[in-house]
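**Q** mind folding the following:
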Amino acid sequence: MSERTTTILLDGLAFPEGPRWHEGRLFFSDQHDRRVLAMSADGQAETIVEVPQQPSGLGWLPDGRMLVVSMLDRRVLRLEDDQLVEHADLSSLAPGECNDMVVDTHGRAYVGNFGFDMYGGESARDTCMIVVEPDGSARVAADGLAFPNGTVITDGGFTMIVGESYAGRLTAFTITGDGALVARRLFAQLDGAIPDGICLDAEGAVWVACPLTGRCLRIREGGEVLDEIDVANDFAYACMLGGDDRRTLYMCTAPSSDPNETTRVRSGHIEATQVDVPGAGLP
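**A** Okay, here's the model as predicted:
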């Protein structure tokens, strides 16, 4: 494993999450500041849209329209001419706040959720992964997941890997032609780490942000840790490979995920470092 330092490219954020590299910029949700931003490679950022019920996962339909998870009201929104409109209402399917999302090449959006009221003191329970068709119709794609979080699609669109935060593992599914998730199997069990946001590289390894350890781990199927990066600032909550050659690992970091604390102190950052293997797959 190589020793690397990270560079803080952007600071003053409340709680950055859900990073996506798209059309030469890093898009991400400043979740507790209720807005989606885009940042250039040199750290210049602009607000793309405000999301009153708190943004999380991001993605794009094949025609280029952006989708945004609206967490608190459990909806997927679509950006139309600089205005957000409802793409799908998931409130009858998701028992907890909606969270991360990955959108496939057909425009299907796969959305995870907490499964319980985490900040309201409810006990954790398993929940589902929801698939939203391009027309906005939604259904449960898989059940029995322990806080489905970061998600990637690999193998030419035939395999999904999702981090189950409360089980400390990465779980793989086969994606069928109609978008169903089947043949559930273990991709990697993490020793003492909680997976949050993830991204995929060209060798099939997964970069995993692990908040409680302050590290991002590069993990091979089976669980071998190939590389690790200690972030310069607090905890790492999500990561994304981007840049012109997709070899820049961008990391969303913050001292806490508590909405009251992060909004007050605004100590969230986008950090970056260079890695050897470029990004691949989706997102």
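
**Q** gap between the two ends of stretch 80-95?
**A** End-to-end distance of stretch 80-95 (CA to CA, to the nearest Å): 28 Å.

**Q** just for the chain, where's the confidence low?
**A** 1-3, 119, 233, 261-263 (pLDDT under 70).

**Q** okay, helices next: where are they in it?
**A** Taking DSSP state H, the helices of the chain run over residues 259-265.

**Q** which ones are touching the nearest residue to Thr6 once chain neighbours are set aside?
**A** Excluding the flanking residues, the one nearest Thr6 by CB to CB, 6 or more residues apart in numbering is Glu271, at 4.2 Å. To be clear about C-beta, it is placed using only N, CA and C from the backbone, and glycine gets the same treatment. Listed by CB atoms under 8 Å, 6 or more residues apart in numbering, the contact partners of Glu271 are 6-9, 231-233, 236, 250-251, 253.

**Q** mind running it again at 7 Å?
**A** When contacts are counted by CB atoms under 7 Å, 6 or more residues apart in numbering, Glu271 touches 6-9, 231-233, 251, 253.

**Q** beta partners of it?
**A** Ile8, Met251 (DSSP bridges).

**Q** how much space between it and Cys239?
**A** Separation of Glu271 from Cys239 (CB to CB, to the nearest Å): 9 Å.

**Q** now do Arg139
**A** 29 Å.

**Q** what's the local residue count around the closest residue to Ser70 other than its chain neighbours?
**A** Spatial nearest neighbour of Ser70, chain neighbours left out: Gln53 (4.5 Å); criterion: CB to CB, 6+ apart. Each residue near Gln53 was counted by other CB atoms under 10 Å, and the total is 15.

**Q** and if you look at the one 4 residues further on?
**A** A count of nearby residues for Gly57, using other CB under 10 Å, gives 30.

**Q** for the one 5 residues further on, same thing?
**A** Taking other CB under 10 Å as the neighbour definition, Pro62 ends up with a count of 11.

**Q** how about it, what does it touch?
**A** 105, 107.

**Q** try 8 Å
**A** Counting by CB under 8 Å, 6+ apart, Pro62 touches 105-107, 134.

**Q** could you do Gly12 as well?
**A** With CB under 8 Å, 6+ apart, Gly12 has these contacts: 266, 268.
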